[in-house]
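Trainee: mind folding the following:
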Amino acid sequence: TLIAKAVAAPFKLLTGGLGGGGNGESSGVPFDAGSAALTDGTKASLDKVVGALRERPQLRMTVVGTASLDKEAEAFKRARLRDLAQAEKRRAALRGGKEAADVTPVTDAEYPELLEAVYDRADIDKPRNFIGMAKGIPQGEMEALLMKQIKVDEEAIRNLAIQRGVAVRDYLLSKDLKSERLFLGAPQTRPADPQWKPSAELKLDVG
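Mentor: All right, here's what the predicted structure looks like:
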């Protein structure tokens with residue numbers, strides 16, 4: 001008997017013939033490399049999962065966040081740079097009297113100027129001019145110097161995996177699914193599949 005299968009990018013739900021016993025099947029919720037943020041497309045796919053779960057109260061779901069140090073270290077650093085740029089934009093907005101909740105995500109057009117502000121603030125060794133002052137350098141060089149200071153180890157990647165699982169679980173909870181039907185599994189940071197992509201795995205079980 002079929003349980004349910006949500007297949008990533010985009011999800012496809014098998015909506016008929018659910019029931020029976022035994023364990024369910026896993027599927028992946030995709031994430032951008034280095035990030036634990038849900039995209040609008042992923043949220044739309046999860047909304048379909050919500051509908052399927054509401055129709056089948058016998059199903060429970062375990063969410064297992066995954067990440068890989070080998071495959072995501074560079075992307076993780078770049079995502080942290082984007083976070084620093086976002087923090088700089090928030091700081092500037094607060095100085096201007098705006099509320100933090102009103103600060104929009106950094107756009108590609110805004111990023112270079114904000115990155116420069118992050119670089120200026122950073123306590124790192126910087127190229128100097130002949131009188132000893134930090135000199136302007138291209139964006140790529142600023143990124144490279146800042147990224148050298150960003151620590152990426154097994155613990156950081158484990159936290160990324162946890163954040164992915166939490167992001168999916170919390171989104172499903174926000175849709176009024178009962179917490180006793182949603183569980184967080186132990187994060188996985190050493191995917192065996194050579195075709196693995198950043199994801200949170202969903203496993204459906206019959207209660």
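Trainee: burial count for the nearest residue to T39 once chain neighbours are set aside?
Mentor: Once flanking residues are discounted, T39 sits nearest to D32: 7.2 Å by CB to CB, 6 or more residues apart in numbering. From N, CA and C alone the C-beta is placed, and that goes for glycine too. D32 sits with 14 neighbouring residues when counted by other CB atoms under 10 Å.
Trainee: D32 should be in a helix, yeah?
Mentor: No - when DSSP: H, G, I helix; E, B strand; the rest coil is applied, D32 is found to be coil, with no helix at that position.
Trainee: residue contacts, it?
Mentor: Counting by CB atoms under 8 Å, 6 or more residues apart in numbering, D32 touches 39, 75, 79, 198.
Trainee: report the buried members of these.
Mentor: For the contacts of D32, a burial check counting by 16 or more other CB atoms under 10 Å picks out 75, 79, 198.
Trainee: coming back round to it: need phi/psi at the residue nearest to T39.
Mentor: With angles defined as degrees, to the nearest 10, D32 sits at phi -70, psi 140.
Trainee: cool, the one 3 residues further on as well?
Mentor: Geometry field for S35 lists phi and psi as phi -120, psi 150, criterion degrees, to the nearest 10.
Trainee: same thing with G65?
Mentor: G65 adopts backbone torsions of phi -70, psi 140, taken as degrees, to the nearest 10.
Trainee: number of nearby residues for I124?
Mentor: I124: 12 neighbours (other CB under 10 Å).
Trainee: return the distance of it relative to I150.
Mentor: 11 Å (CB to CB, to the nearest Å).
Trainee: just A161 next, same as before
Mentor: A161 is 18 Å from I150, where distance means CB to CB.
Trainee: since that was my last question, I'll sign off now.
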